[in-house]
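J.: got a structure for you, letters missing:
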Ligand SMILES: Cc1cc2nc3c(=O)[nH]c(=O)nc-3n(C[C@H](O)[C@H](O)[C@H](O)COP(=O)(O)OP(=O)(O)OC[C@H]3O[C@@H](n4cnc5c(N)ncnc54)[C@H](O)[C@@H]3O)c2cc1C
Ligand SMILES: Cc1cc2nc3c(=O)[nH]c(=O)nc-3n(C[C@H](O)[C@H](O)[C@H](O)COP(=O)(O)OP(=O)(O)OC[C@H]3O[C@@H](n4cnc5c(N)ncnc54)[C@H](O)[C@@H]3O)c2cc1C
């Protein structure tokens, strides 16, 4: 199986975030890491390759610093990497990111493309789905189990409240992977050394620019919600507190 | 796995060592010799997830060694400001007295304000560009020995064992278990910084510490603050002595202007205080309430927190720094000038000199102590000795408090480092801790330094709020990396004798004595790690290891010396962005 993994570099979880001067995004003087569900997508790709043979390529669209996530992927066992390298990829909307990725892999014919469920920074959960649409292949989201069959794929999707859906699909396909689907492996010393020898293809802005839409979504303003000082603290044993909450919701808030 | 040289620790010492080795190997290979050396056989192990994440310093760089290592480094290194202005203050609770002149050791003109985190990140890039791999997320967890010998002349280090990954909290392998590597090397270089865990193993096994000159430490608590412009100039340096510490303790504060709106502020408390209730984090919080600091910080915003110990002892406490197959550098070997609160430039220089010895060992095929002695000889002949020898008695002079220390420091200035009489001796700092049952209740004037700080959430903070700002993360499902040899001591002897000082000296709230309400129906097993209180409750030590910021204070200051800090799974720890 020829598999592509889409990996985004995002601000490290728990990093204290601060807004930039213009109030349009966070300051980028933070540490970065691989978007969590993408790490699971990579692990899943590596496991499929180990079972069925083939190759795993990792792709990221981001500035120079984003190369780090590709190096990690190579160290864990990906065979090659593709880096759409430009600062302008850092805050691009999901539709154009998908267009850029599609342009960068034109002619590659992957059997399977896996992405994370959503990114930890924007949280749009759109890039994978849009990529499938652009490539004209089927997709499935929130995947927590993949089994390759002769006909294609048998998949398990996570629904809400402990329900699951089992579906079958043909390949090529795009899957968005849920965190926790597997147990992540560690990069090994030897893996890190070998990663340096593996091919990393750079794709410039100019190479994909023609495929991008002129209508780019952008964030106009981001702000920390102001506190309205309307908090009311109910201090009582749990049972008593619950009663008071219900009373409040009924009589004062008239919500129930 | 086999390597030529393994460097454990990617701080300024380790990175300088790697970079110098790369330079020497490049020059060697270009000189037309037959036997080429490969930079692929050099590796740097760094326990943090990314280069520099565990590096913290006040933030002044004496550029001397960097100019030797990379002439012209100023043009590309991340330097925030050149020092423009300095002042020294003595603080009392409500007053402040400016020293009429800045004492020569604290004159910082010509130094740069940096973030060590950013600086080491940059050094790491240089190392990688030079062709040497930095393995981040890998800790050296044990030394590999050629034999059982405990004699420094015959013992030989063969390399290091890296940490096992994917072990659960009971010590069982998880599904993704990845055993550590036996990384064998001709030369093993320990550059683990303050109180290195492998360095500690080496020093104790081979008996390298001079008991009359035991290493002493301080712990520095630091915050980065964004403040309104106009309060501290970019490149301004402020040192203070005194409040909230009293004349019985050693320590002081710094404020460094990174930009017109960003300051590095911190307080170092000597880890040789007597009152076991002393809380260095509280000391720093109280300092911020002093009007000198308040005027700078009030209305600003704290954006990062960190804590780290530093070796204070200087030249006289330096252990032997070489042996068969090993060398010690940087803070791990006491290359720090405590009078100037500076160690980065010495760490770098020690790394360069060790690289030269390691290179000669590779070329000659001889990495015995006889060959590596060259490193010690080079240190003795270098400006490291010139800088550290005259201040060798500085900290020891303060062992009996601030006033005596000032007088002795004055004498040492005149006598080029000598006391009136022989060089001072000193024991380890924890031995000076006094028993709480002999101390009586804390005096009011000690209130600003004993017990945990509560914090007002604006200018001052409790430890948990601060730890949150250190970006610390550890996988919860792994063995506790703060290994307490005998927990029963904590809840019995220590509670009575010292009042569990771990609750106070740890700046990350790792150690907590928690009530264990005793149930009448379960008779308590004898010898369990609990102690019956008079109210029928018992207290047990809880170790919140995921908070640990890797400062090593517990390993240093625990009065029974039963806490051993071992590296947690590689990648865990603080994230000192910008520190
Ligand atoms: C990005 C994202 C996308 C998600 N998408 C989905 C999705 O598509 N479908 C889905 O099913 N789930 C989704 N979830 C998960 C879902 O939002 C949470 O599981 C769910 O909201 C948790 O509800 P709870 O009642 O268990 O949480 P609780 O922890 O009980 O809290 C819920 C709320 O109760 C109130 N509350 C709790 N304690 C107190 C208190 N002491 N006093 C006053 N108020 C209190 C607070 O308002 C609190 O926010 C998503 C989560 C995230 C982060
Ligand atoms: C509060 C404070 C303020 C200071 N202010 C200044 C100042 O303004 N100017 C100045 O010049 N000096 C200052 N110093 C001293 C200076 O920071 C140190 O001297 C210097 O960082 C020492 O460099 P090093 O490379 O020896 O150790 P470190 O900088 O501590 O680096 C050691 C590295 O090794 C890694 N490591 C440790 N153990 C292992 C292991 N077992 N396996 C893998 N990796 C490991 C650590 O994660 C770390 O990255 C200050 C120190 C402190 C604590």
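T.: Happy to help now that I have it. This one's a predicted model, so the numbers in the text were calculated from it and none came from an experiment. Numbers count the residues shown, from 1 in each chain, chains lettered A, B, ... in the order given. Ligands and ions are numbered 1, 2, ... in the order given.
J.: flag every residue of chain B that's near chain A.
T.: Contacts of chain B with chain A, taken as C-beta under 8 Å from any C-beta of the partner chain, map to B:1, B:40, B:43, B:49-50, B:53, B:133, B:135, B:137-138, B:162, B:165-166, B:174-176, B:178, B:181, B:183, B:303-304, B:468-469, B:471, B:473, B:575, B:577-578. In this view, the C-beta of every residue, glycine as well, is placed from N, C-alpha and C.
J.: need the buried ones from these selected in ChimeraX.
T.: In ChimeraX, a selection of the buried entries from those looks like this (16 or more other C-beta atoms under 10 Å in any protein chain shown):
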select /B:43,49,50,53,133,135,137,138,162,165,166,178,181,183,303,304,469,471,473,575,577,578
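J.: in strands, which of the residues of chain B next to chain A fall?
T.: B:43, B:133, B:135, B:162, B:165-166, B:174-176, B:178, B:183, B:303-304 (DSSP state E).
J.: pLDDT for the residues you listed - can I get that in a markdown table?
T.: As requested, these are exported to a markdown table (pLDDT from 0 to 100):
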| residue | pLDDT |
| --- | --- |
| B:43 | 96 |
| B:133 | 95 |
| B:135 | 97 |
| B:162 | 97 |
| B:165 | 97 |
| B:166 | 97 |
| B:174 | 95 |
| B:175 | 93 |
| B:176 | 94 |
| B:178 | 95 |
| B:183 | 97 |
| B:303 | 93 |
| B:304 | 95 |
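J.: nearest to ligand 2: which residue in chain A?
T.: The minimum distance from chain A to ligand 2, using C-beta to the nearest ligand atom, falls at residue A:189 (12.6 Å).
J.: that residue: neighbouring residues, count only.
T.: 20 (other C-beta atoms under 10 Å in any protein chain shown).
J.: same thing with the one 4 residues further on?
T.: Taking other C-beta under 10 Å as the criterion, the count of residues near residue A:193 is 15.
J.: in three-state terms, how would it be classified?
T.: helix (DSSP: H, G, I helix; E, B strand; the rest coil).
J.: wait, it sits on residue B:133?
T.: Yes - counting by C-beta atoms under 8 Å, residue A:193 sits close enough to residue B:133 to count as a contact (6.2 Å).
J.: what residues are shared contacts of those two?
T.: residue B:40 (C-beta atoms under 8 Å, 6 or more residues apart in numbering or on different chains).
J.: circling back: thinking the residue of chain A closest to ligand 2 is in contact with residue B:136, fair?
T.: No - contact between residue A:189 and residue B:136 fails when scored by C-beta under 8 Å: they sit 11.1 Å apart.
J.: residue ranges with poor pLDDT in the stretch 351-500 of chain B?
T.: B:396-422, B:440-442 (pLDDT under 70).
J.: who does the biggest strand by length in chain A touch, helix- and strand-wise?
T.: Determined from DSSP E, the single longest strand within chain A is strand A:139-148. Strand A:139-148 is packed against helix A:36-52, helix A:127-135, strand A:153-158, strand A:164-169, strand A:173-177, with contacts defined by 3 or more C-beta pairs under 8 Å, 6 or more residues apart in numbering or on different chains; DSSP states H and E.
J.: 7 Å instead?
T.: helix A:36-52, helix A:127-135, strand A:153-158, strand A:173-177 (3 or more C-beta pairs under 7 Å, 6 or more residues apart in numbering or on different chains; DSSP states H and E).
J.: and the last one, what other elements does it pack with?
T.: Read it as strand A:173-177. helix A:36-52, strand A:112-116, helix A:127-135, strand A:139-148.
J.: do the second one as well
T.: When contacts are defined as 3+ C-beta pairs under 7 Å, 6+ apart, helix A:127-135 sits against helix A:94-104, strand A:112-116, strand A:139-148, strand A:173-177.
J.: now render the ones you listed as JSON lines, adding mean pLDDT, mean neighbour count and distance to residue A:79.
T.: As requested, the helices and strands packed on helix A:127-135 are exported to JSON lines (pLDDT from 0 to 100; neighbours: other C-beta atoms under 10 Å in any protein chain shown; distance: least, C-beta to C-beta, whole Å):
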{"stretch": "helix A:94-104", "mean pLDDT": "97", "mean neighbour count": "22", "distance to residue A:79": "16"}
{"stretch": "strand A:112-116", "mean pLDDT": "98", "mean neighbour count": "28", "distance to residue A:79": "14"}
{"stretch": "strand A:139-148", "mean pLDDT": "97", "mean neighbour count": "18", "distance to residue A:79": "18"}
{"stretch": "strand A:173-177", "mean pLDDT": "98", "mean neighbour count": "25", "distance to residue A:79": "19"}
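J.: in a markdown table, list those along with distance to residue B:286.
T.: Compiled in a markdown table, these are given as follows (distance: least, C-beta to C-beta, whole Å):
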| stretch | distance to residue B:286 |
| --- | --- |
| helix A:94-104 | 50 |
| strand A:112-116 | 46 |
| strand A:139-148 | 51 |
| strand A:173-177 | 50 |
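J.: to residue B:26, which of these lies closest?
T.: helix A:94-104 (35.8 Å; C-beta to C-beta).
J.: distance of residue A:199 from residue B:157?
T.: 38 Å (C-beta to C-beta, to the nearest Å).
J.: who has more neighbours out of these two?
T.: More neighbours surround residue B:157 than the other of residue A:199 and residue B:157, with 24 against 10 (other C-beta under 10 Å).
J.: tell me if I'm right that that one and residue B:145 touch.
T.: Yes - when contacts are counted by C-beta atoms under 7 Å, residue B:157 is listed as touching residue B:145 (6.4 Å).
J.: picking up where we left off before, ok, so of the ones in strands among the residues of chain B next to chain A, who is nearest residue A:72?
T.: residue B:135 (12.3 Å).
J.: nearest spatial neighbour of the closest one, chain-adjacent residues omitted?
T.: Spatial nearest neighbour of residue B:135, excluding adjacent residues (C-beta to C-beta, 6 or more residues apart in numbering or on different chains): residue B:45 at 5.3 Å.
J.: the helix or strand containing that neighbour vs ligand 2: in contact?
T.: Assigned by DSSP states H and E, residue B:45 falls within strand B:42-46. Yes - residues of strand B:42-46 contacting ligand 2 under C-beta under 6 Å from any ligand atom: B:45-46.
J.: can you name the next helix or strand after that strand?
T.: Heading C-terminal from strand B:42-46 (DSSP H and E), you reach strand B:60-61.
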